[in-house]
Structures are given as structure tokens and as C-alpha cells.
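> The amino acid sequence is not available; the structure is as follows:
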């Protein structure tokens, strides 16, 4: 039996260039902006708008999109409860690598379960996990139905669809909540501005 | 009223900030330097030295170390043939994300099987996969035995150890080969210099 699987045989290599040095090069602080919400709530829209806004300011960010990753890193995962958890775990771990590299990692996933999101948060003990809740009413998301998935879920052609026959557990203590004001959805630019303001206020957009 | 409610406006399949724009911001070209070789051949040493040299030049790189990743992204993988392949596949996919983010990703893994390395290479159709073979004799690596693993393998306490009772398949067409000259191992600085020269010659160290 191999003892290679024994953690004692897996070593940790410290490299001489660390996170702080990369952050100085980039003049920003590595972190993750974790965007959670129903399908159709505007996660990808915010991710793209935020990426554009940060780029305009000279900040380096990278979007990890849940759907896109299922074509690559997570292509061997399905939609069982176990696979969904593993899907989110991997995105959390990759987000951590990007943050450690000094980037502002923008992760955009439905990530419906609190325990899965909290497990990702736990990877970032230095308060660099910024949870953004797209708090849009189900009716609005379903009305948009950009991928036609709600229709499939309502007619029973998709099972376990978040918001229809599988729960979405809203965050209890997220850093940022995006919602309608007086029944009006904020524009992509406004949503991005809300996140940028938060990040600026906490010093993420410059080196320490 | 927001235009978000219009499905035509939320279908942003592609993000407006792309690889080329990030590369321009960083003034370099995203790629992966994939370092392969026996345990003790100097992979981590080169990875760190290269990272330092690139940082000094103002380039942003990030090291993905096979051992380190087994504490995070790949902690649910063992050392069966199947798990080793999945381990390398995931590192390949993550390398691709980092290269797409505009970084010089330095992946340091034994990655003993040609088919696994070639599968990673296939993820980079634009010639941005730079395979570096640490071509050091087994005797040298075993003599170093920095982790004491060869000793465990020789006494049968580890099974399936690369170079002892599991094969290492040397690259057939790697971009860079690091080896002894007149029986002398190059210094970390010399090894990094060899890689940097290659990258500079092919224009990776500036934006296109």
C-alpha cells in the first residue's frame, strides 16, 4: 500500500515571491468577489460589468463563470448534490489561487447552499471573500429566463432546479446585496459601482 | 427602467475584457511553463528561481506546485493511475485559466506520463505551452532525495514511485531541456535564465 497518500509525504514549497510582492506589482489586493443568486438574477452581467470597470481603473481581475468552468475544470461533474458541492469547492479553491496570485477573482455561480458558500469563505481567513447576493425576486428571474431553463423546470423537464424544486438559501451575512430600488433594477454600471465602492472603501484597489 | 429586463441585454456570453486586454495591462503574454521531471530533479527550485527572475523584470507569474495543490484543489485525489491523471488534468485546466488571465503560469509537477502532459498541451492550441524537461539522472535525484521518498521507495514502503517502480516517460518534443553540462548541474539562476531567454526570444515577455 502506498504511503504517498500520507499527508506527511506531501511537502509544502514556499516560493520567494509571495502574495504581497505580487500585490505591490499590481497595486491592488488579491481577493474574491463571489456573486451568488438565482439563474437569471444578473450574476454574469454584474461579473462582466465589474470586470470592465476594474480594467478601466487599471486593476487586474478575472471572471470564473460557473457555466464556463463546466466545460473545462469541472467537466467531469454532474448535477447531483455531491457533484454540485464538489463543483463549488473547486471554484473556491481556484478562486483562492487567483487571489493568492494577486488578482481580483470574480466568481459567478448560483451556489444555492449556504454551507457550500461558507466552505469557500473559510478558505479566505483574511476577510478577502466578498459575497455579493443578487437579491432579485424569482418572478423577475423567471420572467427573464435567458436560458429557457425555468420553462423546462416548470414543465418538469429539468429536476432539482434552483428556485423551482430545489431551494436557494440566501446569505445571512453577505458583504453586498444587489436589489431593486422602488421596483427598478439597477443598471449593470450601477451594480458594478456598488461593488467598486465597497472595495475601494476597504482598500482592495491599492496595494497595502 | 433598466434594460436588464430585456433578455437581449443579459445574454453576454463573452466578457468585454478579454485575454488580449489583460495582456496589454500586464505587458506580457499569458502562457504556461510546464516543468516536468523526477522527484528531486529541481522542478521547485527552477519554479521559484524563474518566478523571482520574472518578478524582477516586472512580469506577473504564479507557481502551481503539484504538492501544494494536493492540500487544496486536489486534496480529494490519491495516487492511483486514475487519480494521477485527474490531478494533472485539473492542473492543466487551472493553468489554462491563469494563462487566459494573462499570467505566466509556472506548473511544477512530476507528470511522468507523456499522454497526461500532451493532454494539457492540447489545451493550449496557440503555442503557449512551454514544456521544460528537468533531464537529471536518476542517481543524482536519488542522491539528493530531498523528501526522503526514494529511500522509502527502495525499501518498499512506497509503491509506484516514479523512477523506481513506475516509469518516467521523457518528453519527445519539449521546448526546453535542462541538463548538466560537463557533469555540472546549472545553478537555479542559470536554469531560470535559460527559460527567460526562450520566452524573450518568442515575445512572451511583452504584450503583442
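It's in. In this text, all values refer to a predicted model and were calculated from it rather than measured experimentally.
> Could I get the full set of helices for chain A?
For chain A, the helices defined by DSSP state H cover A:19-26, A:43-56, A:66-69, A:81-100, A:114-121, A:138-144, A:149-154, A:188-201.
> which residues of chain A score low on pLDDT?
A:1-15 (pLDDT under 70).
> please redo it, this time with the cut-off set to 50
Low-confidence segments of chain A (pLDDT under 50): A:1-5.
> Tabulate the helices of chain A (CSV), appending distance to residue B:82 and mean neighbour count.
Using the backbone N, CA and C atoms, a C-beta is placed for each residue, glycine as well. Output for the helices of chain A, formatted as CSV (distance: least, C-beta to C-beta, whole Å; neighbours: other C-beta atoms under 10 Å in any protein chain shown):
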stretch, distance to residue B:82, mean neighbour count
helix A:19-26, 33, 18
helix A:43-56, 34, 22
helix A:66-69, 21, 18
helix A:81-100, 16, 20
helix A:114-121, 25, 18
helix A:138-144, 39, 16
helix A:149-154, 33, 17
helix A:188-201, 41, 17
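> which stretch among the ones you listed comes nearest residue B:51?
helix A:19-26 (9.6 Å; C-beta to C-beta).
> The closest one close to chain B?
Yes: Helix A:19-26 reaches chain B (C-beta under 8 Å from any C-beta of the partner chain) through A:21, A:22, A:25, A:26.
> give the contact list for the nearest residue to residue A:120 once chain neighbours are set aside.
Spatial nearest neighbour of residue A:120, excluding adjacent residues (C-beta to C-beta, 6 or more residues apart in numbering or on different chains): residue A:92 at 3.3 Å. Shown in contact with residue A:92 (C-beta atoms under 8 Å, 6 or more residues apart in numbering or on different chains): A:107, A:119, A:120, A:123.
> for residue A:50, same thing?
Counting by C-beta under 8 Å, 6+ apart, residue A:50 touches A:33, A:61, A:106, A:191, A:192, A:195, A:196.
> do residue A:105 as well
Residue A:105 touches A:30, A:31, A:32, A:33, A:61, A:62, A:64, A:94, A:95, A:98, A:99, counting by C-beta under 8 Å, 6+ apart.
> cutoff 6 Å now
Contact analysis of residue A:105 by C-beta atoms under 6 Å, 6 or more residues apart in numbering or on different chains lists A:32, A:62, A:95, A:98, A:99.
> got the contact list for the second one?
Yep, that's residue A:62 we're talking about. Here residue A:62 is in contact with A:98, A:103, A:105, B:101 (C-beta under 6 Å, 6+ apart).
> Quickly check those for the two that are furthest apart.
A:105 and B:101 (8.9 Å).
> Now render the residues of helix A:19-26 next to chain B as a markdown table, adding distance to residue B:171.
Compiled in a markdown table, the residues of helix A:19-26 next to chain B are given as follows (distance: C-beta to C-beta, whole Å):
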| residue | distance to residue B:171 |
| --- | --- |
| A:21 | 31 |
| A:22 | 29 |
| A:25 | 31 |
| A:26 | 33 |
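> which one of those sits closest to residue A:84?
Using C-beta to C-beta, the residues of helix A:19-26 next to chain B come closest to residue A:84 at residue A:22, 31.8 Å.
> how near is the closest one to residue B:52?
According to C-beta to C-beta, to the nearest Å, residue A:22 stands 12 Å off from residue B:52.
> do the same with residue A:47
From residue A:47 across to residue B:52, the span is 33 Å (C-beta to C-beta).
> can you check residue A:40 too?
46 Å.
> Need phi/psi at the nearest residue to residue A:159 once chain neighbours are set aside.
Nearest residue to residue A:159, sequence neighbours excluded (C-beta to C-beta, 6+ apart): residue A:165, at 6.6 Å. Dihedral angles phi and psi of residue A:165 (degrees, to the nearest 10) take the values phi -130, psi 20.
> Grab the nearest non-local neighbour of residue A:171.
Per C-beta to C-beta, 6+ apart, closest to residue A:171 is residue A:133, 4.8 Å.
> Equivalent analysis for residue A:40, please.
Per C-beta to C-beta, 6+ apart, closest to residue A:40 is residue A:141, 3.6 Å.
> quick revisit: pull the most distant pair out of the contacts of residue A:92.
The distance between the two most remote of those (C-beta to C-beta) is 13.2 Å, for A:107 and A:119.
> tell me the contacts of residue A:96?
residue A:123.
> how close does the nearest residue to residue A:86 once chain neighbours are set aside sit to residue A:89?
Of all residues not flanking residue A:86 in the chain, residue A:77 sits nearest, at 5.8 Å (C-beta to C-beta, 6+ apart). According to C-beta to C-beta, residue A:77 and residue A:89 sit 10 Å apart.
> thinking again about what came up before, and of the contacts of residue A:62, the nearest to residue B:147?
residue A:98 (28.0 Å).
> any idea what sits nearest the closest one, other than its immediate chain neighbours?
Nearest non-adjacent residue to residue A:98 (C-beta to C-beta, 6+ apart): residue A:105, at 3.8 Å.
> Could you do residue A:102 as well?
Closest to residue A:102 by C-beta to C-beta, 6+ apart is residue A:22, at 3.5 Å.
> same check, this time on residue A:20
Using C-beta to C-beta, 6+ apart and skipping residues adjacent in sequence, the residue nearest residue A:20 is residue A:208, 7.0 Å away.
> how many neighbours does the one you found have?
9 (other C-beta atoms under 10 Å in any protein chain shown).
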